[in-house]
Each structure stands twice: as structure tokens, then as C-alpha cells.
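Sequence and predicted structure below; questions after.
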Amino acid sequence: MEKNNRYDAKKYFQEAIKMTQFENHEILRCYGLCEYWYGNREKGITFLQQAFDLHSTDAEVIYNLIELYLLEFDYRRAKRMIKYFYDKHDKLETFDKDIAFYDQKVALFQKFVEQNAVVAA
């Protein structure tokens, strides 16, 4: 999403959230990412966590949470979500990307955590 379009996107997502009464995990996920990249990092993560609570087998939600936890240097949560990804791997749902995409990204995230969590400890 282009930086100059985030404000407009926020307005549309807010309206969509109202219309779906906070029950559409994909809208919550997208709005969370929008808020995060707009600069409201904590709010963005909270919306992603709500999306996860609604649909805990969506590989994209898990992937996004790991990514944001790493950006926030929250290695404990990132590790927990990586473990969850592997524990639930057979039950994960994907929509527009193959599971191999998420496997590759999460493996890379895991290597990053293993190398950097030791330094951060």
C-alpha cells in the first residue's frame, strides 16, 4: 500500500469494520497492517491479534504477526507464533499463496530469531 494512500485506506477499512461488526478477520488484518504502517504500531498489532483470535488457522495472519513481532524486537512472541505455525501446519489455510511461500518465510524468520534472540538476551 502506497504511503500516501494509507489515510484513505484507513477510512475505508474503518467503515468496513463497522459494517462487518468486527467479525471479518481479513478486514481486521488489513486494517491492522494499515494502522501499523501508518505509525500506530501498537494499535496495528492489536487488530492483527484480533484477526488471529477470529481465524487462528489463516497462514497470512500468522505470517503478519511474526513479521510485526520481529520488527518490534519482540522475539518471545515471534518464537511463540513460529512454534504455533509449525504445530498447526497441517491445519493452516491459505488463500492466494501456496503454503510453500509461508514455509520459506517462517523458516527465514526462525533463523533470524535464533541468531538475534541470543544477542538480545
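Sure, I can see it.

end-to-end on stretch 49-61?
8 Å (CA to CA, to the nearest Å).

And the contacts of it?
22-26, 28-29, 32, 48, 62, 65, 85, 88, 91-95, 97, 99, 102 (CB atoms under 8 Å, 6 or more residues apart in numbering). For the C-beta atoms, the positions are set from N, CA and C on the backbone; glycine is no exception.

Could you write me a ChimeraX select line covering just the buried ones among these?
Selection of buried members from the contacts of stretch 49-61 for ChimeraX, criterion 16 or more other CB atoms under 10 Å:
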select :24,25,26,28,29,32,48,62,65,85,92,102
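
Look at the residue most central in space within the chain and give its secondary structure.
Geometric centre of the chain, nearest residue: N64, 2.3 Å, by CA atoms, centre = their mean. Following DSSP: H, G, I helix; E, B strand; the rest coil, we place N64 in the helix state.

count of residues packed around K111?
Residue neighbour count, defined by other CB atoms under 10 Å, stands at 10 for K111.

how near is it to L70?
11 Å (CB to CB, to the nearest Å).

contact partners of the worst-scoring helix or strand of the chain on mean pLDDT?
Least confident helix or strand, the chain: helix 6-20 with a mean of 87, by mean pLDDT, DSSP states H and E. The contact list for helix 6-20 (CB under 8 Å, 6+ apart) reads 1, 24, 27-28, 30-31, 34-35, 37-38.

How about stretch 77-89?
56-57, 59, 62-63, 65-66, 69-70, 92, 99, 102, 106, 109-110, 113, 117.
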